[in-house]
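> Kindly return the folded structure for what I paste below:
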Amino acid sequence: MIFKGELMRIARKLSTVLALSGLLLGLASEAWAAWVTESEKGETYRQGRAGVMATDGVTLLEVGCYLEQGDIVGELYLTLYTGEDYDDTASYEDWVTLTVKTGTVAVELAYAMPGRDIDEFILDVSELDEEMVWDALVAIEEATGIIEVSLGTAQVSFPHDNAAQAVGTILDMC
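Okay, the predicted model is just below:
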């Protein structure tokens with residue numbers, strides 16, 4: 001049985017992937033160095049999101065705010081789209097730790113949840129599970145150099161160009 005909130009979350013994720021994929025695929029590779037933003041408004045929700053492609057040209061980092069009608073404060077989230085296929089036969093951990101590093105600031109997000117978005121393996125962390133999401137987004141907003149996201153020994157680098165404006169819009173919304 002799918003509950004209303006879960007169905008909304010699935011719809012939100014699908015719309016996010018489609019929207020940001022379309023935006024990023026339409027850009028030339030040189031333009032991938034800048035963050036792109038998008039917002040949408042439904043009957044019962046509002047959502048803002050910002051995303052940027054990694055320097056590897058495969059991994060996508062998305063941050064966003066989801067606000068249900070009547071709520072005063074929204075839910076911040078950070079999602080890492082790995083570009084890897086989700087393996088139905090693999091045994092994934094319930095929670096993993098992602099580290100977001102910008103210069104000398106490092107924020108550990110201990111409750112990143114491995115998951116699937118269509119057929120892609122993702123790591124998703126929500127403010128509902130991890131209180132440090134706000135701090136991670138502030139670090140990204142204030143970045144003056146490469147933004148690094150790591151999981152264990154694996155590390156992906158993202159550009160900071162336009163991060164202040166794009167992520168600042170998300171933080172202001174929530």
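
> Can you show me the helices along this protein?
Assigned by DSSP state H, the helices in the chain fall at 4-25, 133-141, 163-173.

> per-residue confidence averaged over the last one?
Rounded to a whole number, the mean pLDDT of helix 163-173 is 93.

> can you check the second one too?
On average, the pLDDT along helix 133-141 is 96.

> by how many degrees do it and helix 163-173 diverge?
150 degrees (axes from the mean of the first three to the mean of the last three C-alpha atoms, to 10 degrees).

> Against which helices or strands is helix 133-141 packed?
strand 75-85, strand 96-102, strand 105-117, helix 163-173 (3 or more C-beta pairs under 8 Å, 6 or more residues apart in numbering; DSSP states H and E). Where C-beta positions appear, they are placed from N, C-alpha and C, glycine not excepted.

> wait, which of these is closest to residue 134?
Closest of those to residue 134 is strand 75-85, at 6.0 Å (criterion: C-beta to C-beta).

> Run me through the strand neighbours of that closest one, direction for each.
Sheet partners assigned to strand 75-85 using DSSP bridges are listed as strand 60-68 (antiparallel), strand 120-126 (antiparallel).

> Of the ones you listed, flag the one that's most buried.
Stretch with highest mean neighbour count among the strands paired with strand 75-85: strand 60-68 (a mean of 22; mean count of other C-beta atoms under 10 Å).

> So what sits opposite the residue nearest to residue 80 when sequence neighbours are not counted in the bridge?
Nearest residue to residue 80, sequence neighbours excluded (C-beta to C-beta, 6 or more residues apart in numbering): residue 123, at 4.4 Å. Using DSSP bridges, the beta-bridge partners of residue 123 come out as residue 80, residue 114.
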